[in-house]
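J.: mind looking at a prediction? Sequence and model below.
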Amino acid sequence: MATTQILFIRHGETAWNRIKRIQGHIDIPLAETGLEQAQKLAARLARDARDGARLDAIYSSDLMRAQQTAQPFADALGLVPRLRKGLRERSYGQFQGHDSAEIETLFPDAYAAWQTRDPGFAPEGGESQREFYHRVLHALEPIVAEHPGGRIACVAHGGVLDCVYRFANGIELSAPRNYQLLNTSINVVDYVDGRAQVVQWADVSHLDATSDDDGYRKVL
């Protein structure tokens, strides 16, 4: 079967990324630094296209921080981003709008359950990690099917990239993360016959420096 190559791109930095406040489905815009990152990403992808590595389509989460990251390089390449709600970050319910310390104070029992890394745990009003994982994989299936042999971009969120990496590498949802999910990083994954293989991960060569949010911490 034909290989579909997807460039998974995490959105640029937001003000809440900097202070480690959980965004989830809250529609936070990019910070000034994030907008600058998006412009550098656009210049990089436009240069790649001139060198022959063109994109056939661009998909994006419908949340503002993803759209603001996708639009500059969509404009540069003459493409229109196709918005997909299924590419949104995990819904964290009552945790959204709070940082970890606030969650521990406000919702101590839920915080303790969250820290066990149980994939079945869901904050009140939110998704479990297992529900989120299956939602992301389900959203990607028709995208892959529509572009056999194609090369496309999906602009999404740290949690979405985490799901993709775990799927490609067979990593349990409860396992700690030891790979990076960087703002405006380019993460290349090949899909063929229902399987995924990571070709390149966490490429931020278009940036002068990574964001304060980046690293191996939980990034949302």
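T.: Right, received. Where do you want to start?
J.: pull the contacting residues for the closest residue to Arg65 other than its chain neighbours.
T.: Leaving aside its sequence neighbours, Arg65 sits nearest to His11 (CB to CB, 6 or more residues apart in numbering; 4.3 Å). (Each C-beta comes from the backbone N, C-alpha and C, glycine too.) Contact analysis of His11 by CB atoms under 8 Å, 6 or more residues apart in numbering lists 30, 34, 61, 63, 65-66, 68-69, 155-157, 183-184.
J.: likewise for Gln23?
T.: Thr14, Trp16, Asn17, Arg65, Glu89, Gln96, Leu220.
J.: again, but for Val80
T.: Neighbours of Val80 in contact, by CB under 8 Å, 6+ apart: Ile58, Ala74.
J.: could you give the mean pLDDT of stretch 168-180?
T.: On average, the pLDDT along stretch 168-180 is 98.
J.: re earlier: so of the contacts of His11, which ones are in helices?
T.: Gly34, Arg65, Ala66, Gln68, Thr69 (DSSP state H).
J.: local confidence estimate at Arg217?
T.: pLDDT, read off for Arg217, is 46.
J.: ok, Ala42 next?
T.: 99.
J.: same check, this time on Asp214
T.: Reported pLDDT for Asp214: 55.
J.: and what of Ile19?
T.: Taking Ile19 on its own, its pLDDT is 96.
J.: pretty sure it is touching Asp99, no?
T.: Yes - at 6.6 Å, Ile19 counts as touching Asp99 under the criterion of CB atoms under 8 Å.
J.: okay, these two: which has more neighbours?
T.: Neighbour totals were compared for Ile19 and Asp99, and Asp99 leads with 13 against 10 (other CB atoms under 10 Å).
J.: for the more buried one, grab phi and psi.
T.: phi -90, psi 180 (degrees, to the nearest 10).
J.: measure it to Gly125 for me?
T.: 18 Å (CB to CB, to the nearest Å).
J.: likewise for Asp193?
T.: 38 Å.
J.: out of these two, which sits in the busier spot?
T.: Gly125 (13 against 7).
J.: and that one, how close does it get to His98?
T.: Following CB to CB, the distance that separates Gly125 from His98 is 13 Å.
J.: excluding chain neighbours, what is closest to the residue most central in space within the chain?
T.: In the chain, the centroid-proximal residue (CA atoms, centre = their mean) is His157; its distance is 2.4 Å. Of all residues not flanking His157 in the chain, Glu89 sits nearest, at 3.8 Å (CB to CB, 6+ apart).
J.: which residues touch that neighbour?
T.: Gln23, Gly24, His25, Ser61, Leu63, Ala156, His157, Gly158, Gly159, Val160, Leu220.
J.: what's the neighbour count on the second one?
T.: Gly24 is flanked by 22 other residues according to other CB under 10 Å.
J.: OK, contacts around it?
T.: Glu89, Arg90, Ser91, Tyr92, Gly93, Phe95, Gln96, Gly126, Leu220.
J.: in a helix, that's where it is, yeah?
T.: No - Gly24: not assigned to a helix; according to DSSP: H, G, I helix; E, B strand; the rest coil it is coil.
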